[in-house]
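Colleague: Only the shape, not the letters, is given here:
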């Protein structure tokens, strides 16, 4: 695996395949412990779907002028979190599940740089709008600027707060996805 270059981790990426979006979340969840570099493509243009396919090697298909804004946003976000996924430590934040009633989330953290991200997904039948995730690998004495990719601005929280009390993530839509980035300040 150390020498592998899986530009396409699986053929399980095509529209119309049953549960392909949640299935790709689970592939990222399961494979990230073993394969930091992996790739896939997505053919959907809603944020829940395309965020479910983010990897260090990420691509989009069925490109049309109507898809351009979503494509630009997806590539911009993927470009930001790709290096975190490739070079960061991986921490699952929920249990593994394909169940549409559950959240699934994970964290990537680069210790030396003091940055990382959380990817969280509220699935279609999940009744819980908010989850609290205790983060890993942070310096408890450091402060971190935390920002949601879907909102302006950031908040400053201590590493000890993020690891002990946790980070509250709210997703109103179901299904819905959130990406939270952070950087040591």
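Modeller: Sure thing, it's come through. Everything quoted here is computed from the prediction, not taken from an experiment.

Colleague: residues in contact with the lowest-mean-pLDDT helix or strand in the chain?
Modeller: Across the helices and strands of the chain, the lowest-confidence element by mean pLDDT, DSSP states H and E is strand 39-42, at a mean of 91. Under the contact criterion Cβ atoms under 8 Å, 6 or more residues apart in numbering, strand 39-42 has outside partners 6-10, 13, 24, 27, 49-50, 52-53, 55-61, 74. For the C-beta atoms, the positions are set from N, CA and C on the backbone; glycine is no exception.

Colleague: got the contact list for the nearest residue in space to residue 111 that is not next to it in sequence?
Modeller: Closest residue in space to residue 111, ignoring its immediate chain neighbours: residue 137 at 5.8 Å, by Cβ to Cβ, 6 or more residues apart in numbering. By Cβ under 8 Å, 6+ apart, the contact list for residue 137 reads 89, 91, 107, 109, 111, 116.

Colleague: For the residue nearest the centre of the chain, pull up the helix or strand it's in.
Modeller: Ranked by distance to the mean C-alpha position of the chain (Cα atoms, centre = their mean), the top residue is residue 119 at 2.8 Å. Using DSSP states H and E, residue 119 falls within strand 115-122.
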